[in-house]
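Participant: Pasting a predicted model and its sequence here:
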Amino acid sequence: MFGRGPKKSDSTKYYEILGVSKSASQDELKKAYKKAAIKNHPDKGGDPEKFKELAHAYDVLCDPEKREIYDQYGEDALKEGMGGGGPAHNPFDIFESFFGGGAFGGGSSSRGRRKKHGEDVVHTLKVSLEDLYNGTSKKLSLSRNALCQKCKGKGSKSGVSGRCYGCQGTGMKITTRQIGLGMIQQMQHVCPECRGTVLAIDYKGAAFMALAGPDTITGDIVFVLQLKEHPKFKRKFDDLYVEHTLNLTEALCGFQFALTHLDGRQLLIKSNPGEIVKPGQSKAINDEGMPHHQRPFMRGRLYINFNVEFPDSGIISPEQCQTLETLLPPRASKHLTDMELDDCEETTLHDVNIEDEMRRKKQQQQFQEAYDDEDDEPSMPRVQCAQQ
């Protein structure tokens, strides 16, 4: 009256393939599949058939509805369509859902199961240090070709494309030319008819560039930020550096000044009472550097390097020098007696720029080396006239 139920068949095979018990949890199924799939992956020298069996077994057991039918009636019930069982999933898609497309360093596989990725377009964008510090939005106009919306790059409205007749579906063409008597040269190049896609496509109606193509995932636009040189601030990683010059009075008696930051804020920079700043000394301000990568609320340091500018000769009178000498630490050199002075030879000091001096010395040395090389060359033998 009610008909016969489905015939029962083996319901342990899939569990044995994965190496788990029939009471295994979902986590145990996942762990078992991952371990076995890595071991049997074809790209690692595994058995392709075993790899397919693992994927099919996991595809059934990870679905509660399919698993219940399989446990009650076995594999035949699934084949007969109970539980809405559709076609088996691609085993590589199941594997990549766990590990991603590049599990073994591979992008698109030679098996052709995935679309290839189009080439990226790299665009250099010059930005200022203020832009990097504060953030900015810029509009950029780029033009690129796209696939024909009617034929999707297939060359026909129906989307059906045949094999290219120019290359017979190989994507490459070989041309020959005679380069000499009895000598022929063969050259292989991309088929100009299908551009290597091996399809018979009318490219006049389906024009595209490297970003997009038929059966190709559109490439990315990659922006490379190029930092412009800043007149005041220098950047090193997450820190900022700035130079500031003090005169001698500020270095000895204290200073304060306002520093305009990259976001327009005025930072008050001042020394502590009684503090003396030496030439080349640096100080740091925490949390005033560049924002950290992916942590914009954390910032690096702002370093200030101080230069000390001394007064020119002749500005301080001898009387003022005596007054300064009473305030400053005593001289390090001892006073010479008249007898000691008589034993010394008088010298004259000259103002020099040490960098110019070193440059001049280097040029002299190069000239001398070139001159010595000419002297080392063997001289030509002299020819004597024979006596007649």
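Facilitator: That came through, no problem.

Participant: Please export the C-alpha coordinates of stretch 266-282 as CSV.
Facilitator: Provided in CSV are the C-alpha atoms of stretch 266-282 (Å, rounded to 0.1, in the frame of the first residue of the first chain):
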residue,chain,number,x,y,z
GLN,A,266,51.8,74.2,17.5
LEU,A,267,54.1,72.2,19.9
LEU,A,268,55.8,74.3,22.6
ILE,A,269,59.4,73.1,22.9
LYS,A,270,61.3,74.4,25.9
SER,A,271,64.3,73.5,28.0
ASN,A,272,64.3,72.8,31.7
PRO,A,273,65.6,75.5,34.1
GLY,A,274,69.4,75.5,34.3
GLU,A,275,69.7,73.0,31.4
ILE,A,276,72.6,73.4,29.0
VAL,A,277,72.2,72.0,25.4
LYS,A,278,75.4,70.8,23.7
PRO,A,279,76.0,70.9,20.0
GLY,A,280,74.6,67.8,18.3
GLN,A,281,72.5,66.8,21.3
SER,A,282,69.1,65.2,20.5
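
Participant: Do I have it right that T12 meets S21?
Facilitator: No: using C-beta atoms under 8 Å, T12 makes no contact with S21, being 9.6 Å away. Any C-beta I mention is one placed from the backbone N, CA and C, and that applies to glycine too.

Participant: what about the two, which has more around it?
Facilitator: Between T12 and S21, counted using other C-beta atoms under 10 Å, the more crowded position is T12 (13 against 10).

Participant: Report the contact partners of that one.
Facilitator: By C-beta atoms under 8 Å, 6 or more residues apart in numbering, the contact set of T12 is K22.

Participant: Distance of it relative to R67?
Facilitator: Distance from T12 to R67, counting by C-beta to C-beta, to the nearest Å: 13 Å.

Participant: repeat for Q26
Facilitator: 10 Å.

Participant: tell me which element T175 is part of?
Facilitator: Per DSSP states H and E: T175 is located in strand 172-180.

Participant: Quickly run through the sheet partners of that strand, with directions.
Facilitator: strand 183-190 (antiparallel) (DSSP bridges).

Participant: Need the CA coordinates for the helix ranked longest in the chain. PDB is fine.
Facilitator: Looking across the chain with DSSP state H, the single longest helix is helix 354-376. Output in PDB follows, covering the C-alpha atoms of helix 354-376 (Å, rounded to 0.1, in the frame of the first residue of the first chain):
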ATOM      1  CA  ILE A 354      87.600  70.700   6.500                       C
ATOM      2  CA  GLU A 355      85.300  69.300   3.800                       C
ATOM      3  CA  ASP A 356      86.800  71.400   1.100                       C
ATOM      4  CA  GLU A 357      90.300  70.500   2.300                       C
ATOM      5  CA  MET A 358      89.500  66.700   2.200                       C
ATOM      6  CA  ARG A 359      88.100  67.100  -1.300                       C
ATOM      7  CA  ARG A 360      91.100  69.000  -2.500                       C
ATOM      8  CA  LYS A 361      93.400  66.400  -1.000                       C
ATOM      9  CA  LYS A 362      91.500  63.600  -2.800                       C
ATOM     10  CA  GLN A 363      91.800  65.300  -6.100                       C
ATOM     11  CA  GLN A 364      95.500  65.800  -5.700                       C
ATOM     12  CA  GLN A 365      95.900  62.100  -4.800                       C
ATOM     13  CA  GLN A 366      94.000  61.000  -7.900                       C
ATOM     14  CA  PHE A 367      96.100  63.200 -10.100                       C
ATOM     15  CA  GLN A 368      99.300  61.900  -8.600                       C
ATOM     16  CA  GLU A 369      98.200  58.300  -9.100                       C
ATOM     17  CA  ALA A 370      97.300  59.000 -12.800                       C
ATOM     18  CA  TYR A 371     100.700  60.600 -13.200                       C
ATOM     19  CA  ASP A 372     102.500  57.600 -11.700                       C
ATOM     20  CA  ASP A 373     100.700  55.200 -14.000                       C
ATOM     21  CA  GLU A 374     101.900  57.100 -17.000                       C
ATOM     22  CA  ASP A 375     105.500  56.800 -15.700                       C
ATOM     23  CA  ASP A 376     105.200  53.100 -15.300                       C
END
